[in-house]
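J.: Got a predicted structure plus its sequence, pasted below:
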2 protein chains.
Amino acid sequence: MGSKILECVPNFSEGKDRGVIESIVEPFRRTEGVKMLDYSADKDHNRLVVTLIGEPEGLKSSLLEAMEVAVREIDLNRHRGEHPRMGAVDVIPFIPVRNVSIEEAKYLAEQVASEAAVRFDLPVYMYEESATSPERQNLANIRKGQFEGFFEKINLPEWKPDYGPWEVHRTAGVTAIGARMPLVAFNVNLATENLDIAKAIAGRVRNSGGGLRYCKAIGVDLKERHMVQVSMNMTDYTRTSLYQSFEMIKMEAKRYGVKVAGSELVGILPMQALTDVAAYYLGLEDFSEGQILENRLLWGD
Amino acid sequence: MGSKILECVPNFSEGKDRGVIESIVEPFRRTEGVKMLDYSADKDHNRLVVTLIGEPEGLKSSLLEAMEVAVREIDLNRHRGEHPRMGAVDVIPFIPVRNVSIEEAKYLAEQVASEAAVRFDLPVYMYEESATSPERQNLANIRKGQFEGFFEKINLPEWKPDYGPWEVHRTAGVTAIGARMPLVAFNVNLATENLDIAKAIAGRVRNSGGGLRYCKAIGVDLKERHMVQVSMNMTDYTRTSLYQSFEMIKMEAKRYGVKVAGSELVGILPMQALTDVAAYYLGLEDFSEGQILENRLLWGD
């Protein structure tokens, strides 16, 4: 099997003070089982975004240490920046990368949330897959009103925190923690200029239209290319594979006598989203991700 | 683009003395740009096999240091083991992994060979893709007669070394160095028990039969599964892709009214051998290997 690996992208509300920034990331540097891929502090946003990869235990312990520094050093009453924020530790998403189910990622999010709430006297909202109500799935919805607005917002019964005191931390505000699957942005181009066809196919292929469970889709006009596109977000590529949406679009396009002209992947995606596609089209039997050289280099399996 | 990365699997003729073994691998542990994935010393074979991944410069400098130790510490006159051998440093293959062409791997092999020959007074034979004659492509052919036999063999004009003195090193023998592509073992199963069909298709799809340039193929009987198989070695997956051989086999199978039942990959393969397949079947435009999360983790691009 190999190690359980998650990605975690904690956001802290400090983008200027190098001393504070370095103290926050220091636990990520030294904790075993955690690799800090990147950290970038933006002065205009006044925000620090850290990209971590690691095993559950190391992530948990280093995050709690970093949160302790952030809660101690950051005072949101004095925080100004372009980016909306509600907490010294604004948000912590956990994203399964390898040998981790969304359920395991949710469990880790709950552990970090419950421990942080007690240790730092911090109200915590669970969001995305960890949300306890539909209004809490979307981070923007939770963060609406920001730090300043939360002193009133928190008193509404529907905004009672999931963990910690029912009261805003005077300097560190509130924090959102949750698990989500990595999104794969996958677009399929159609050799027609008729946007209605792209919209109709998008409606057929997406979950909300009776299509594939982990697929969101819209029709988009590619005016310069004289084509239209079915633009998709694959919300769980381990359960709805890219080849399924691709083949379903081809199938629907036939009704209109339209050809699929090509496709594109936007941004970063996990290798497995593509190796699954290759395994399907080649009809591979007994294939294991451990046979891929890069996996051996990374995870030693 | 990202770093140039090769795999290198040097074989040394010492499988017993822990002190010597540790001194040989010590440069691989400490050299920047080199990662030792594995080293295994076998007492029966009396042989040390090291698996390295790294950038050209680091591989070159650490290999020369390790060779210096092996040439100094190993005396083949006293070496007994199951595995055939001809040198203290028996063989060093260089295998492109990422952003490296076979030509660049050959160049690195030449650099290491020429420098080692001068520094250690060592005869070196270039083999595989680096071979200077057809008889030198196959390592077994070079090694025939082993250390003991080489004192005569080296005098034959056709066995003049490519680098170094025309004379066996009294204790360290001779060394083979060369570049080769990683092999991908790819088998396609046919839903028939007729072995003649698998053999005929193998003959069509392989290079030697007029088929694909970097494909070797034979027909194999899978008696227990009541099927036959086209068993292939893809000798350069960057130039002949797996989907090409797969589609060509499907195409040929049609002539016999036979269906492709599935396929299998045997052993380790580089990710790109599969992402190329996915990119073909999805008709991906502008896809870059740098979009894959695992590549960012490994190579930082």
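T.: Sure thing, it's come through.

J.: which non-adjacent residue is nearest the residue of the stretch 1-150 of chain A found nearest chain B?
T.: Residue nearest to chain B within the stretch 1-150 of chain A: residue A:53 (6.2 Å; C-beta to the nearest C-beta). To be clear about C-beta, it is placed using only N, CA and C from the backbone, and glycine gets the same treatment. Counting by C-beta to C-beta, 6 or more residues apart in numbering or on different chains, residue A:53 lies nearest to residue A:35, which is 4.9 Å off, once chain neighbours are set aside.

J.: So what's the predicted local confidence for residue A:38?
T.: Note for residue A:38: predicted pLDDT of 85.

J.: Contact partners for it?
T.: Each residue near residue A:38 by C-beta atoms under 8 Å, 6 or more residues apart in numbering or on different chains is listed here: A:50-51.

J.: Swap in 10 Å and give it another go.
T.: A:9, A:49-52, B:296, B:300 (C-beta atoms under 10 Å, 6 or more residues apart in numbering or on different chains).

J.: Mind checking what secondary structure it has?
T.: Look at residue A:38: counting by DSSP: H, G, I helix; E, B strand; the rest coil, its state is strand.

J.: Flag the shaky bits of chain A, pLDDT-wise.
T.: A:1-2, A:300-301 (pLDDT under 70).

J.: Show me the strands in it, by range?
T.: Along chain A, the stretches classed as strands by DSSP state E are A:5-8, A:11-12, A:34-42, A:47-54, A:89-98, A:124-128, A:175-179, A:184-190, A:215-222, A:227-234, A:260-266.

J.: what lines up beside the fourth one in the sheet?
T.: Looking at strand A:47-54 with DSSP bridges, its partner strands are strand A:5-8 (antiparallel), strand A:11-12 (antiparallel), strand A:34-42 (antiparallel).

J.: Quick check: buried residues in the last one?
T.: Applying a neighbour-count criterion of 16 or more other C-beta atoms under 10 Å in any protein chain shown, one finds A:34-37, A:39, A:41 buried in strand A:34-42.

J.: how close does the closest residue to residue A:137 other than its chain neighbours sit to residue A:213?
T.: What sits nearest to residue A:137 in space, not counting adjacent residues and going by C-beta to C-beta, 6+ apart, is residue A:131, at 4.4 Å. To residue A:213, residue A:131 is 18 Å away according to C-beta to C-beta, to the nearest Å.

J.: One more: residue A:134?
T.: Taking C-beta to C-beta, one finds residue A:134 at 18 Å from residue A:213.

J.: Looking only at neighbour counts, state which of these two leads.
T.: Neighbour totals were compared for residue A:134 and residue A:213, and residue A:213 leads with 11 against 8 (other C-beta atoms under 10 Å in any protein chain shown).

J.: For the more buried one, grab phi and psi.
T.: Torsion angles at residue A:213 (phi, psi; degrees, to the nearest 10) stand at phi -60, psi -40.

J.: Surely it touches residue A:241?
T.: No: Residue A:213 is beyond contact range of residue A:241, at 11.3 Å (criterion: C-beta atoms under 10 Å).

J.: Buried residues, stretch A:179-196. List them.
T.: Neighbour-count burial for stretch A:179-196 [16+ other C-beta under 10 Å]: A:179-184, A:186-190, A:192, A:195.

J.: what distance separates the start and the end of it?
T.: 35 Å (C-alpha to C-alpha, to the nearest Å).

J.: quick one: is it near chain B?
T.: Yes: for a cut-off given as C-beta under 10 Å from any C-beta of the partner chain, stretch A:179-196 has contacts with chain B, namely A:182, A:186-189.

J.: still on that earlier bit, can you tell me how far the residue of the stretch 1-150 of chain A closest to chain B sits from residue A:276?
T.: 21 Å.

J.: for residue A:192, same thing?
T.: In terms of C-beta to C-beta, residue A:192 sits 29 Å off from residue A:276.

J.: that older thread, among the contacts of residue A:38, which ones are buried?
T.: By neighbour count, with 16+ other C-beta under 10 Å, the contacts of residue A:38 hold A:49-52, B:296 as buried.

J.: Show me how far stretch A:277-289 is from its chain's centre.
T.: 27 Å (C-alpha atoms, centre = their mean, to the nearest Å).

J.: Convert the C-alpha atoms of it to PDB, please.
T.: Output of stretch A:277-289 as PDB, limited to C-alpha atoms (Å, rounded to 0.1, in the frame of the first residue of the first chain):
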ATOM      1  CA  VAL A 277      -7.600   6.700 -18.300                       C
ATOM      2  CA  ALA A 278      -4.700   4.800 -19.900                       C
ATOM      3  CA  ALA A 279      -5.600   1.600 -17.900                       C
ATOM      4  CA  TYR A 280      -9.200   1.900 -19.300                       C
ATOM      5  CA  TYR A 281      -8.300   2.300 -22.900                       C
ATOM      6  CA  LEU A 282      -5.600  -0.300 -22.900                       C
ATOM      7  CA  GLY A 283      -7.800  -2.800 -21.000                       C
ATOM      8  CA  LEU A 284      -5.000  -3.200 -18.400                       C
ATOM      9  CA  GLU A 285      -5.500  -6.200 -16.000                       C
ATOM     10  CA  ASP A 286      -3.900  -6.200 -12.500                       C
ATOM     11  CA  PHE A 287      -2.300  -2.800 -12.900                       C
ATOM     12  CA  SER A 288      -0.900  -1.200  -9.700                       C
ATOM     13  CA  GLU A 289       0.100   2.400  -9.200                       C
END
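
J.: that older thread, count of residues packed around the residue of the stretch 1-150 of chain A closest to chain B?
T.: 21.

J.: wait, it sits on residue A:182?
T.: No: with contact defined as C-beta under 10 Å, residue A:53 does not count as touching residue A:182 (12.0 Å).

J.: beta partners for residue A:233?
T.: Where residue A:233 sits in a bridge, its partners, by DSSP bridges, are residue A:185, residue A:216.

J.: what's the distance between it and residue A:8?
T.: Counting by C-beta to C-beta, the gap from residue A:233 to residue A:8 is 21 Å.

J.: mind checking how far residue A:278 is from chain B?
T.: Distance, residue A:278 to chain B, by C-beta to the nearest C-beta, to the nearest Å: 4 Å.

J.: Now do the contacts for that residue.
T.: A:243, A:284, A:287, B:242-243, B:246, B:265, B:271, B:273-282.

J.: Just the buried ones from those residues?
T.: By neighbour count, with 16+ other C-beta under 10 Å, the contacts of residue A:278 hold A:243, A:284, A:287, B:242-243, B:246, B:265, B:271, B:273-282 as buried.

J.: if we can go back for a sec, ok, so of the buried ones among the contacts of residue A:38, who is nearest residue B:62?
T.: residue B:296 (25.6 Å; C-beta to C-beta).

J.: so the closest one sits right up against residue A:37, yeah?
T.: Yes: with contact defined as C-beta under 10 Å, residue B:296 reaches residue A:37; the gap is 7.1 Å.

J.: shared neighbours, these two?
T.: A:51, A:53.
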